[in-house]
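**Student:** Generate coordinates for the sequence data below:
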Amino acid sequence: MKIHDKSITKKEFITVDFFYNHTKDRFKLRHINEASGLDRLIKDQNLHRPGLPLAGFMDLFSYTRVQVFGNTEMSYLKILDHEQRFKSLENICKYNIPCLLVTNDNEVPSEMIELANKFQIPIFLSPYTTTKLIYLVSDFLDDQFAPRLSLHGSFVDVYGVGMLIVGKSGIGKSEVALDLIERGHRLVADDVVILTKKGEGILMGSGTELVKHFMELRGIGLIDIRSMFGVRAIRFQKRLEVIIELEIWNQNAEYTRTGLDDIYMNVMDVDIPHVRLPIIPGKNITVISEVIALNYLLKHYGYDAAKELQLRISQEINKKTPDTNRSVNYFEHDFE
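**Tutor:** All right, here's what the predicted structure looks like:
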């Protein structure tokens, strides 16, 4: 499977209206001034606390960022008289800033509301502490501006392991996913899977808003996994941990026999374990997929069967005596 850089997309901006509608309940935000300004754009995922600009130092003012007024900023404004406070806030509001966030349910001075209305800047008030609100908003903006990649495949949660099944069209990805669902595992997405890079080394996968948990089965048509198998058969997002690539058996190709060499696929600069699985008659891909998930968990917890056997063989070779002992020392009177 080849991944082209052109397939990776990233949002250039979100509107303040989008930000407010998606966070007002989660972060308990209230829009407290009359100014609309909800069509302003947020182009920077980072936040800014305008302590120095309030004091008059404007050289490095990051005005394209959402401005956060915590206890420090609000306490500073309180010690200023009306004229100083107005001028200090005007220095900030005259820039094209997206919006103002005020934390801790701090009392918002009338000068701030007056200037925000004048320059059409929304003010959002939250009861959360500055540290908590910055953490929540930063995580939301990081997610919105994170690089995304769309892939064709079926994404399934198998024993808690996020498994992406890819392969050529018609090879049976959806059928394997359906068989896994029937065995109690959960579907994340089918056909189109959207991967979002969260931080370093983490890829989160989900389906599209339109398709969600519908699945296309050739010869049958479209089915809705949620309606058919219930809510326990689905999940909306999952971390990608293993990629299984189905392919037609090729006798000239080399497939791993021991599993000693870990093979990875680089997806958006994240190395994901990659298993090439040849399809031959009689091979139960569903059971093998479950085994791959369990083997991944064993390795995650520090046990690698291939390396364990290699270690035993090396120890026997070092003894310089042939291993002719049985695995059971004594067969008791049990001839079953």
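
**Student:** which residues of this structure score low on pLDDT?
**Tutor:** Along the chain, segments meeting pLDDT under 70 span 35, 320-324, 334-335.

**Student:** Check which residues of stretch 302-317 are buried.
**Tutor:** Ala306 (16 or more other C-beta atoms under 10 Å). Every residue, glycine included, has its C-beta placed from N, CA and C.

**Student:** Could you check how far that stretch is from the centre of its chain?
**Tutor:** 35 Å (C-alpha atoms, centre = their mean, to the nearest Å).

**Student:** Not counting its own residues, what contacts that stretch?
**Tutor:** Residues outside stretch 302-317 that contact it (C-beta atoms under 8 Å, 6 or more residues apart in numbering) are Thr258, Gly259, Leu260, Asn295, Leu298, Asp323.

**Student:** Out of those residues, which end up buried?
**Tutor:** Gly259, Asn295.

**Student:** so how far is Arg257 from Leu115?
**Tutor:** Applying C-beta to C-beta, to the nearest Å, the value for Leu115 to Arg257 is 71 Å.

**Student:** neighbour count winner among those two?
**Tutor:** In this view Leu115 and Arg257 are compared by other C-beta atoms under 10 Å, and Leu115 has more residues nearby, 23 against 7.

**Student:** From what I see, the more buried one and Tyr95 are in contact.
**Tutor:** No: using C-beta atoms under 8 Å as the test, Leu115 is too far from Tyr95 to be in contact (11.5 Å).

**Student:** Next, show the common contact partners of those two.
**Tutor:** When contacts are counted by C-beta under 8 Å, 6+ apart, the set common to Leu115 and Tyr95 is empty.

**Student:** Show me the helices in the stretch 51-200 of the chain, by range?
**Tutor:** Taking DSSP state H, counting those that start in this stretch as the criterion, the stretch 51-200 of the chain contains helices spanning 51-55, 71-78, 82-93, 110-118, 130-144, 173-182.

**Student:** Now distance to Arg26 too, for the ones you listed, in JSON lines please.
**Tutor:** Below are those laid out as JSON lines (distance: least, C-beta to C-beta, whole Å):
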{"stretch": "helix 51-55", "distance to Arg26": "26"}
{"stretch": "helix 71-78", "distance to Arg26": "22"}
{"stretch": "helix 82-93", "distance to Arg26": "26"}
{"stretch": "helix 110-118", "distance to Arg26": "23"}
{"stretch": "helix 130-144", "distance to Arg26": "7"}
{"stretch": "helix 173-182", "distance to Arg26": "30"}
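
**Student:** Quick one: closest of the ones you listed to Phe214.
**Tutor:** Evaluated over those, closeness to Phe214 peaks at helix 173-182, with 10.6 Å, by C-beta to C-beta.
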